[in-house]
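[1] Next comes the sequence, and after it the predicted model I'd like to discuss.
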Amino acid sequence: MTADVYTTAPAGAATVGDGTTARSRAARRWRSARWTALVLACLVLTVLVLALFRPLTSNTPYAPDNPGDHGARAVAEVLSDQGVEVEHVTRVADALRATGPGTTLLVAPAPFLLPEQAEALAGAEGDVVLAGADGFLLDAATDGVLGREPQIAAPDEPVPPGCDLPVATASGPSRLAPGITAFAGGAALCWTDGAGHAVLAQVSQAIETSSGTRTVTAVDDAAFLTNEAVLDDGNAALALHLLGEHERLVWLVQDPLDVTSSLDEAAPGSALLPPWSGAVGLWALLVVLVAVVWRSRRLGRLVHENLPVVVRAAETTRGRGRLYRRSRSRGHAAAGLRAATADRLARRLGLPRSADATAVTDAAVRATGRPTHEVADLLYGPPPADDAALTTLARRLDTLESEVYRS
Amino acid sequence: MALTRRAVWVAAAGLVPVLLLPSVGTVVTWAALVAVLCALDVALAASPRQIAVRRRVPASVRLGTTTSSELVLTNRSRRRLRALVRDAWPPSMLVDAATGLRRTAAASTRHTVDLPAGESARVRTPLLPTRRGDRHAGEVTLRSFGPLGLAARQASLPVPGRVRVLPEFAARRHLPSRLARLREMDGRAAVQVRGEGTEFDSLREYVDGDDVRSIDWRATARRGDVVVRTWRPERDRRVVVVLDTGRTSAARIEASDGGASAGGTRIEASIEAVLLLAALADRAGDRVQVLAYDRTLRGRVAGASGPRLLPALAETLSGVEPALLETDWHGLVGQVRSRVSQRALVVLLTSLDPSAVESGLLPVIDQLTATHQVVVAAVADGEVAALRAGRDGVAEVYDAAAAARGELERAAVAAVLRQRGAEVVEALPDDLAPQLADSYLALKAAGRL
């Protein structure tokens, strides 16, 4: 090896640029990104199409946008045509926010209404129409004047109103199922059956927070709203009279997941965060985005290197040792140690490779001065009984070997 | 395009206006401001594609020697270049110049340059190769920052560069002592080195101490003065060194002391031995030929001698890597036979793995020993030697028993090879080269070449 291996390579031609132009780079980027772009474009198009052609109807019973048999779109449409502003809400809090003096609140049958929600609705300012309400809501909304005792069947023949409320006289005879009873005076009952169960009951109340009054009207059978039954008897007149009283109608069809009961909870979660949190969140997003772009660009690609497959040579020896150990072949292990020691002793003592056990033993005895039986037992004795004996044997063989080397 | 840390801080500074005027519009405005600033910075940055890059690297370097790759950057654009330059090399070449650590070495390939238009700068990347073979440089990446330091343009330029990493030849420290022994053999009296191959060298006057048996009576009678014959070791013998590059050469072995050469493969120790033996034999006047073979010829050096031999060997052996193949010993013997017809010293550098030797070398060794003097040199594993001495616990004793058993088997294989007429040298990686050289000297002294 001489020093002339350090010659420096002749300076080659300088490299300028990587052989690309702005056009070729743009073309390459377009080629690599076009499928992604295509997929993204398809996705955006699909979302757009779905948003534009979203069905404007639902299939929630008693909902003003449900054109099915159990929906109430017919009534809502007619009311809109007549100039009533129908606001469809699904949460109690929204309903409370939308109501006020000069509005009508319609509560469609709400089996999941919580007691505090019922209390909150009972405090609504403005007229309230309870369609198919349960006993608790009736009780809360009328301060215990009305209650509910549902009847099994609707009357077979139309029943005359039997009261002088304008809405009842306008509707005429009805076959709706009765189920409302009055526990106290002050309530007008219409279409009562023999036992005093009424289809419709109306109570006038003073509004707690202002000086006006409101009427609470309960209709036990909400079927008069549905598209299926609205044309029967005087149902249409009943519905339009009840709901078209005011310019605004708040139509509450409660969402089963709704648990709001007061105005404070109008927007979920917003009450917990300060008003500037949205802007700061957006700012944090901007910083994260910039940081991602900063970290994501690598300074050139990785340089790869083919590394050779490398196997540890001692693996086989270790594996063999573990096999000995697992199968507890102390005999094999001891024989290996003894043979190796005997081999080294024989070489050390100048014996030929063909020397037998007796010759090796005698030579070792002469070299160490130990008793013959001890050396013979050490080198050619029985296999050790346990692991401790094997370890002891290995140590004693070492000692014997060192004595021979010292001599 | 790439952004910098400063761009992140600028974006983060938007918190102040956002807190003063908390609305979505503020954030959007700030984002637009950051985007415009970054775009402006990119537009004002010098184009990395207008920088001329020239690389200078040593053509070859010895393993474990520090060298460097030099880049000369010339700014041919009309703008000032503020750039981060990366001179990429394979991981086995990298080293941290300041600390000598390999873990932090990636940082040493990065250089910051600030070049006015038309000027040049030179950056140096320290290299410390740890593997033999040809190493090719990666691309040179230039990241050119704009005047605001917010964003950068980036390009990777293909600047070719290659460094051939030659074997370390750490065993060359053993060469002077072996050459001294070789000189001692020169001019010795015949009786001390009598053998069939020793050659008559010259006649000289008798001095006190010379063996009277070496007196040449005929010459003494002619000159009237007592003259003795002197002898010299035989010269112009053929030495064929065969490096087995089959699967057994890929095994990783450890030196006895677990020192610098720890974790090398068997072939590394073999190559050291080849280099020392070739250097010694060449000085001794023998003709050296080296073959690297597994199932095909991986490398061959023949016909070189004197100062050209070692560079040729280093060049050839730098590219020899272990192949995960079973060595074709019949083919190997055929190679040797086709290369040398006369008697030669054939040195086989392989392993004494009993199963590999029994199925591979043993069936064919007779064909070689019939005409040649054969030396089988094998690298022992320091880890196995350490295992043999383990007495610390039960597991260690079992391992020691396994190591002892393996050693006996290798000794048995060596004995069989010796019976067939071959010399066997087995040594730990650091000791193989000197022991092989000693064994060569012994054969030469005995005139058995």
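    Good, I have the coordinates.

[2] ok, now which ones touch residue B:376?
    B:348, B:350, B:352, B:361, B:414, B:417, B:422, B:423, B:424, B:425 (Cβ atoms under 8 Å, 6 or more residues apart in numbering or on different chains). (C-beta placed from N, C-alpha, C; glycine too.)

[3] Pretty sure it sits in a helix.
    No - secondary structure of residue B:376, determined by DSSP: H, G, I helix; E, B strand; the rest coil: strand, with no helix assignment.

[4] Would you map the helices across chain B?
    Counting by DSSP state H, chain B has helices at residues B:5-12, B:15-20, B:24-44, B:175-185, B:217-223, B:266-283, B:309-318, B:329-339, B:354-356, B:362-371, B:382-388, B:394-419, B:429-445.

[5] Could you identify which of these is most buried?
    Comparing these by mean neighbour count (mean count of other Cβ atoms under 10 Å in any protein chain shown), helix B:266-283 ranks first with a mean of 25.

[6] what packs against it?
    helix B:175-185, strand B:238-244, strand B:287-293, helix B:309-318, strand B:344-350, strand B:373-379, helix B:429-445 (3 or more Cβ pairs under 8 Å, 6 or more residues apart in numbering or on different chains; DSSP states H and E).

[7] and those, which one's lowest on average pLDDT?
    For those, mean pLDDT drops lowest on helix B:175-185, to a mean of 88.

[8] List the residues that contact the residue minimising distance to the centre of chain B.
    With distances taken as Cα atoms, centre = their mean, residue B:167 lies nearest the centre of chain B, 2.5 Å away. Neighbour list for residue B:167: B:62, B:63, B:132, B:268, B:271, B:272, B:275, B:314, B:317, B:318 [criterion: Cβ under 8 Å, 6+ apart].

[9] hmm, back to that, for the helices of chain B, give me JSON lines that also has distance to residue A:140.
    Written out in JSON lines, the entries for the helices of chain B read as follows (distance: least, Cβ to Cβ, whole Å):
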{"stretch": "helix B:5-12", "distance to residue A:140": "54"}
{"stretch": "helix B:15-20", "distance to residue A:140": "46"}
{"stretch": "helix B:24-44", "distance to residue A:140": "42"}
{"stretch": "helix B:175-185", "distance to residue A:140": "108"}
{"stretch": "helix B:217-223", "distance to residue A:140": "144"}
{"stretch": "helix B:266-283", "distance to residue A:140": "92"}
{"stretch": "helix B:309-318", "distance to residue A:140": "95"}
{"stretch": "helix B:329-339", "distance to residue A:140": "102"}
{"stretch": "helix B:354-356", "distance to residue A:140": "94"}
{"stretch": "helix B:362-371", "distance to residue A:140": "104"}
{"stretch": "helix B:382-388", "distance to residue A:140": "87"}
{"stretch": "helix B:394-419", "distance to residue A:140": "81"}
{"stretch": "helix B:429-445", "distance to residue A:140": "94"}
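
[10] which one in chain B is furthest away from the centre?
    What lies farthest from the middle of chain B is residue B:21; by Cα atoms, centre = their mean that is 67.5 Å.

[11] Domain map for chain B?
    Residue ranges for each domain of chain B read B:48-166, B:187-232, B:236-445, as given by automatic domain parsing.

[12] Which one of the residues in the stretch 51-200 of chain B is closest to chain A?
    With Cβ to the nearest Cβ, the shortest gap between the stretch 51-200 of chain B and chain A falls at residue B:141, namely 3.1 Å.

[13] pLDDT value on the nearest residue to that residue once chain neighbours are set aside, please?
    Counting by Cβ to Cβ, 6 or more residues apart in numbering or on different chains, residue B:141 lies nearest to residue A:300, which is 3.1 Å off, once chain neighbours are set aside. Per-residue confidence (pLDDT) for residue A:300: 89.

[14] Can you name the residues that contact the residue of the stretch 51-200 of chain B closest to chain A?
    Taking Cβ under 8 Å, 6+ apart as the definition of contact, the neighbours of residue B:141 are A:299, A:300, B:85, B:86, B:88, B:154, B:155, B:156, B:157.
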